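Trainee: The following comprises the amino acid sequence and a computationally predicted model.
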Amino acid sequence: MNQRWRRTFSEWATTEEHQQAVQRAHERIAEALTTHRRAFVSYSGGKDSTALVHLVLQHEPEIMVLHWDYGRAFVPYAVHRAILDNATALGVKNLRMETSADYVRLGRKAQNVMGRHLIGRLLPALAAEGYDLDFVGLRAEESLKRRRRIEARRMVSVIEECWPLWDWRWLDVWAYIVAHNLPYLWLYDSRARLVGYELARFTTLFDGEFSALGADALDNVLHWRWRNESTWKS
């Protein structure tokens, strides 16, 4: 991140609007932990979940942090290693990583694996283990679909979700990361040089499910080294 952007986010972090957003997030987290027995945090490694994990750990340092691994065809080793290293740097003590063998078997032909395995199987299994709350870094600003899901309080599984950042703007997320000097994926900086930080987002690479977001163009320009199957492990 260049100094101009870093100064911009640092300045936003000092505004009353941002500080109120942070306070609301803390209040939501505290209330949710009080009203539920066993919670965990969903951590993708993206900017929103990075800020969320840092916030929740201030309330419950031992909380389980769940990371879903999309496999090396979609998230190359270097990127996945950075995600795990960032979790450690954030102070995560209880990281649980889950995945599906379909990612190895099908490679980039794997579609809706997360829906079948994480939502359809893993989350119900976690509910059976006693987990009754999932902290998710969902924000209404990201898309109309997500705004409608938040407004309807529509959960993806039997486990209730809490969205502490639902009303945060992209400025708030980056301001929080910069103000607290949090680690974040270097992919954001390279993408931001093309589309700006307001549009830079972390998705699985060379994944047809994100073609509508323009991910194909970004991946082919920025991540060409991982375009071919022979480079998945590099």
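Mentor: On my side now, so go ahead.
Trainee: For D48, pull up the helix or strand it's in.
Mentor: Assigned by DSSP states H and E, D48 belongs to helix 47-57.
Trainee: List the buried residues of that helix.
Mentor: Across helix 47-57, burial judged by 16 or more other C-beta atoms under 10 Å covers K47, D48, S49, T50, A51, L52, V53, H54, L55, V56, L57. Where C-beta positions appear, they are placed from N, C-alpha and C, glycine not excepted.
Trainee: separation between the third one and I177?
Mentor: Read that as S49. Distance from S49 to I177, counting by C-beta to C-beta, to the nearest Å: 11 Å.
Trainee: Now do the helices in the protein.
Mentor: For the chain, the helices defined by DSSP state H cover 3-13, 16-35, 47-57, 77-90, 102-106, 113, 123-128, 144-151, 170-179, 187-195, 215-222.
Trainee: wait, which of those is closest to W68?
Mentor: W68 lies closest, by C-beta to C-beta, to one member of those: helix 113, at 9.5 Å.
Trainee: Now do the closest one: which elements does it pack against?
Mentor: Here helix 113 touches helix 102-106, going by 3 or more C-beta pairs under 8 Å, 6 or more residues apart in numbering; DSSP states H and E.
Trainee: Sort out which residues of the helix it packs on are buried, please.
Mentor: D102, Y103.
Trainee: follow-up on the earlier one: name the surrounding residues that touch the helix holding D48.
Mentor: Identification of contacts with helix 47-57 by C-beta atoms under 8 Å, 6 or more residues apart in numbering yields 22, 25-26, 29, 41-43, 63, 65, 86-87, 90-92, 135-139, 164-165, 173-174, 176-177, 180, 182-185, 188, 201-202.
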